[in-house]
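A.B. asks: Coordinates only, no sequence provided:
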Ligand SMILES: O=c1ccn([C@H]2C[C@H](O)[C@@H](COP(=O)(O)OP(=O)(O)OP(=O)(O)O)O2)c(=O)[nH]1
Ligand SMILES: [Mg+2]
């Protein structure tokens, strides 16, 4: 198994590290690290601190994704989903949450506000050409194959 390094910050010192909540979970749940609770009003967005910095192995990214329960019950999602954590990022990981629900949503210290999926990425060289190779699909897109 690959290893990802976490460094806790003072406001997240008492929180557990992000963790998989079931044996084959795809995402590690990530908690809000707050000095005091705050409220996210309908339509409002906020950058929620997690209280940790991390170092991914080269060739990996971490995606900050919504939790479906919070999305379904409270309309809470990530505005930039999936948020991208680069392998060379050493700042505090933050969650860009938005409240699409009708009620104000309270976030408390330690709440599992998002999940983080670590995935391989491949950087590529960009080469400019005059003609692209043919394909079956060609230029058809945006519903060109129908819905049935
Ligand atoms: O949900 C997110 C998204 C990003 N980041 C951090 C880690 C990431 O490596 C960095 C930059 O993210 P991104 O490339 O998406 O933002 P940008 O607007 O392109 O900023 P930059 O110019 O710093 O790359 O911000 C987070 O903490 N949470
Ligand atoms: Mg960027």
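C.D. replies: Yep, it's here. A quick note: this is a predicted structure, and the numbers were derived from the prediction, not measured. Ligands and ions are numbered 1, 2, ... in the order given.
A.B. asks: Tell me how many other residues crowd the residue in the chain that ligand 1 sits nearest to.
C.D. replies: Going by CB to the nearest ligand atom, ligand 1 is nearest to residue 83 of the chain, at 2.2 Å. Quick note: C-beta positions are derived from backbone N, CA and C, even for glycine. When neighbours are counted by other CB atoms under 10 Å, residue 83 registers 19.
A.B. asks: which residues sit in contact with the closest residue to it other than its chain neighbours?
C.D. replies: Among residues not flanking residue 83 along the chain, residue 64 sits closest, at 3.4 Å (CB to CB, 6 or more residues apart in numbering). Residues in contact with residue 64 (CB atoms under 8 Å, 6 or more residues apart in numbering) are 30, 78, 80-85, 93, 95-96, 114-116.
A.B. asks: and the one residue sitting closest to the centre of the chain, what element?
C.D. replies: Centroid-nearest residue in the chain: residue 64, 0.7 Å away (criterion: CA atoms, centre = their mean). Secondary structure from DSSP states H and E places residue 64 in strand 60-65.
A.B. asks: Check residue 94 too.
C.D. replies: Going by DSSP H and E, residue 94 is in strand 92-99.
A.B. asks: what residues does the helix or strand following that strand touch?
C.D. replies: With elements assigned by DSSP H and E, the helix or strand that comes after strand 92-99 is strand 105-107. By CB under 8 Å, 6+ apart, the surrounding residues in contact with strand 105-107 are 32, 34, 37-40, 46, 48, 74-76, 97, 99, 113.
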